[in-house]
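Asks: Test case, fold it:
(one chain, ligands or ions: 1)
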Amino acid sequence: MAHAAAYDDFASLDVSGKRVFVLTGAGVSAESGIRTFRDAGGLWGDYRVEEVASPEGWAADAALVWRFYSERRAKAGTVHPNAAHLALAQFEEALGDRLFLATQNVDPLHERAGSRRVVHMHGELMKSRCERDHAPPFEDSGLYMDAASIPRCSCGARIRPHICWFGEMPFEMDSIGRALSNCDVFVTIGSSGAVYPAAGFVQRARSVGAKTIYIGPEQPDNADAFDECRLGKAGDAVPALFRT
Ligand code: OAD
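Replies: Numbers count the residues shown, from 1 in each chain. I've put the predicted structure just below:
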């Protein structure tokens, strides 16, 4: 059972010489003004997941899907990294390739904070790709608000958001698996622990003997798998997390 307490009841962890795996979720971007999915007022309160985040939703109404992601692109243009993103970029600076940062977030805030090696397992908001995978994903800040504006690939298929939808395989699972098998410390920041496979990473890290820590204002669904739940906001708790 996790030891849960306010984040400042825990000491900074000495990670010198250790391999650290950090998984971030929507909560790491909450203090930047990006809505989470499942909190009160979250995105899934306004939209039906299956309509905007599934291959079936895309087949039924691609314009609705693009409106949803276009609104999020427009929002992403107005937000800035917070203290948690900045601290993670500094940890990368100090730890080098001993830090593996995987995010479920599709926003670009880790990169804007200076993180250089971010694994976006659920895709990237500011990229698009051919729905038939005829060409690789490309940078795209376009806003497509109706069916007529949806661009086409040179092969004739529609361009879709570069997002992992429900029912699709998250990206970079091989490199994630290797990093989980090799980590000494595993930290999840701001994720409700409701969506797999990400919610199962902590078990994998535990099975190789890693110390497991959760950071967020409330305990996640998978709290039992963590050694410690440090209860607090990411912007307060993450900067104090490690001694490098
Ligand atoms: P959720 O919306 O499910 O959970 C957000 C978590 O962030 C909650 O546990 C909150 O307690 C926590 N939180 C809120 N404010 C915070 C703060 N200031 N600091 C730290 N934590 C805070 O989001 P995710 O778990 O990331 O997938 O959702 C996982 C996936 O489900 C998403 O990537 C998305 C969604 O459906 C796809 O779209 C494929």
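Asks: What are the buried residues along stretch 165-184?
Replies: Across stretch 165-184, burial judged by 16 or more other C-beta atoms under 10 Å covers 165, 170-171, 176, 179-180, 183-184. For the C-beta atoms, the positions are set from N, CA and C on the backbone; glycine is no exception.
Asks: One more: stretch 218-234?
Replies: 219-220, 222-223, 225-226, 228-234.
Asks: how much distance is there from the longest helix seen in the chain to the middle of the chain?
Replies: Ranked by residue count and defined by DSSP state H, the top helix of the chain is helix 62-76. Centre-to-centre, helix 62-76 and its host chain are 18 Å apart (C-alpha atoms, centre = their mean, to the nearest Å).
Asks: all numbers from here: first residue = 755
Replies: Okay, residue one is now 755; in that scheme the one you just asked about reads as helix 816-830.
Asks: other SSEs contacting it?
Replies: helix 803-806, helix 809-814, strand 877-884, strand 913-917 (3 or more C-beta pairs under 8 Å, 6 or more residues apart in numbering; DSSP states H and E).
Asks: got a list of what the residue lying closest to His876 once chain neighbours are set aside touches?
Replies: Nearest non-adjacent residue to His876, counting by C-beta to C-beta, 6 or more residues apart in numbering: Cys918, 4.5 Å away. Contact partners of Cys918, counting by C-beta atoms under 8 Å, 6 or more residues apart in numbering, are 875-877, 924-925.
Asks: let's see it at 7 Å
Replies: Residues counted as contacts of Cys918 (C-beta atoms under 7 Å, 6 or more residues apart in numbering) are 876-877, 924-925.
Asks: next one: Phe925
Replies: Here Phe925 is in contact with 874-875, 877, 918 (C-beta under 7 Å, 6+ apart).
Asks: Most neighbours among those, please name it.
Replies: The most crowded member of the contacts of Phe925, judged by other C-beta atoms under 10 Å, is His874 (24 neighbours).
Asks: Can you report how many residues neighbour the spatially closest residue to it that is not a sequence neighbour?
Replies: By the measure of C-beta to C-beta, 6+ apart, the closest residue to His874 outside its immediate chain neighbours is Thr857, 5.9 Å from it. A count of nearby residues for Thr857, using other C-beta under 10 Å, gives 27.
Asks: Next one: the residue minimising distance to the centre of the chain relative to the ligand, how far apart?
Replies: Nearest residue to the geometric centre of the chain (C-alpha atoms, centre = their mean): Gln858, 2.2 Å. Distance of Gln858 to the ligand, given as C-beta to the nearest ligand atom, to the nearest Å: 3 Å.
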